[in-house]
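Novice: kindly return the folded structure for what I paste below:
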Amino acid sequence: MKVGYLGPKGTFSYEICNKVFDRNYEKVPYKTIKEAIIALQNLEVDTAIVPIENSLQGCVTETIDCLIEIDNIQICSEKILKINQNLLSEKKYEFEEIKEVYSHPQALAQCREYIRKKLKNAEIVEVASTALAAKEVKNREFAACICNLECAREYSLEIIEKNIQDNDFNETKFIVLERRNNLKNKFNKLTMVFSTKHEHGALYKALGIFDKYELNLTKIESRPAKTKLGEYYFIVDVDIENDNYLKAINELKEIVVFYKVLGGYNKE
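Specialist: Numbers count the residues shown, from 1 in each chain. So this is what the prediction gives:
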């Protein structure tokens, strides 16, 4: 069995991958979230685990867009990982000596105030993953990276300071994906996406269906439809407490222009 994740070794995706999947799974790293999901679609891996939301920075747009655009995959579970960011480098530099700071955009955003206060002389360099940032600063003078502690072990880096995130309530939700099959018999959460007609009251009517069937929407967010300015997809999470969701889905289909169930699964 193979599981795809956002690599290389040392990313938070790698950390959660090892926690969720045992040694019977071969862990296959990919350079981007999209590549990991396409690998699942193309039968290169049996499952994939990717980040979808951070408690501080919100949704991971690349994941959301892939779920909308790529067919034959579905969410089968969600996992939550506590995120601690750390400042690492090849040597224990003083803050004022550091000229470059490498990391993933999400990690940089989570440490924005820390960077502003302590790394005033540093140029910010965005890379595709925190682990790639660790690889970049290896053998590079006066450079540091913002990563998890796994990277310190994996790439033999020094820890300048631990837990540098601006807010300690920092968690990332990951989703486990599989190739599309029928929904499980029992689940308590449904994620779906739809788009409405571009006319007065269209979204209001669509959301009213969930209220009609007493379904609790725990999240709603939008993404550009990439067709015309002002047209959007709406992604919603729905608590499932009874079979009313089936009636809601059937009624929703009648009034929207696009509809897709992204997965039925149990909340973490």
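Novice: gap between the residue nearest to F187 when sequence neighbours are not counted and Q74?
Specialist: In space, not counting the residues next to it along the chain, F187 is nearest to G264; the distance is 4.1 Å by Cβ to Cβ, 6 or more residues apart in numbering. In this view, the C-beta of every residue, glycine as well, is placed from N, C-alpha and C. Using Cβ to Cβ, to the nearest Å, G264 is found at 8 Å from Q74.
Novice: what do you get for E53?
Specialist: For E53 relative to Q74 (Cβ to Cβ), the value is 17 Å.
Novice: Q41 now?
Specialist: Q41 is 11 Å from Q74, by Cβ to Cβ.
Novice: with L157 instead?
Specialist: Taking Cβ to Cβ, one finds L157 at 38 Å from Q74.
Novice: pick out whichever of these two has more residues nearby.
Specialist: Each of L157 and Q74 has its neighbours counted (other Cβ atoms under 10 Å); L157 has more, 24 against 21.
Novice: hang on, the more buried one packs against E150?
Specialist: No - using Cβ atoms under 8 Å as the test, L157 is too far from E150 to be in contact (10.6 Å).
Novice: can you list the domain ranges for the protein.
Specialist: Per automatic domain parsing, the structural domains of the chain span 2-83+170-179, 86-161, 189-265.
Novice: and what about D65, helix, strand or coil?
Specialist: helix (DSSP: H, G, I helix; E, B strand; the rest coil).
Novice: pull the contacting residues for I70.
Specialist: 37-38, 41 (Cβ atoms under 8 Å, 6 or more residues apart in numbering).
Novice: can you pull out the strands in the stretch 101-250 of the chain?
Specialist: Along the stretch 101-250 of the chain, the stretches classed as strands by DSSP state E, counting those that start in this stretch are 123-126, 143-147, 158-161, 171-179, 189-195, 217-224, 232-239.
Novice: for V261, which non-adjacent residue is spatially closest?
Specialist: M192 (5.0 Å).
Novice: my read: the one you found touches V256, true?
Specialist: No - applying Cβ under 8 Å as the test, M192 and V256 come out as separate, 10.2 Å apart.
Novice: returning to what we had before: any chance of the domains of the chain in TSV, plus mean pLDDT?
Specialist: Shown next, in TSV, are those (pLDDT from 0 to 100):
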stretch	mean pLDDT
domain 2-83+170-179	92
domain 86-161	92
domain 189-265	90
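Novice: run a quick neighbour tally on the closest residue to K99 other than its chain neighbours.
Specialist: Excluding the flanking residues, the one nearest K99 by Cβ to Cβ, 6+ apart is F142, at 4.3 Å. Neighbourhood size, F142 [other Cβ under 10 Å]: 15.
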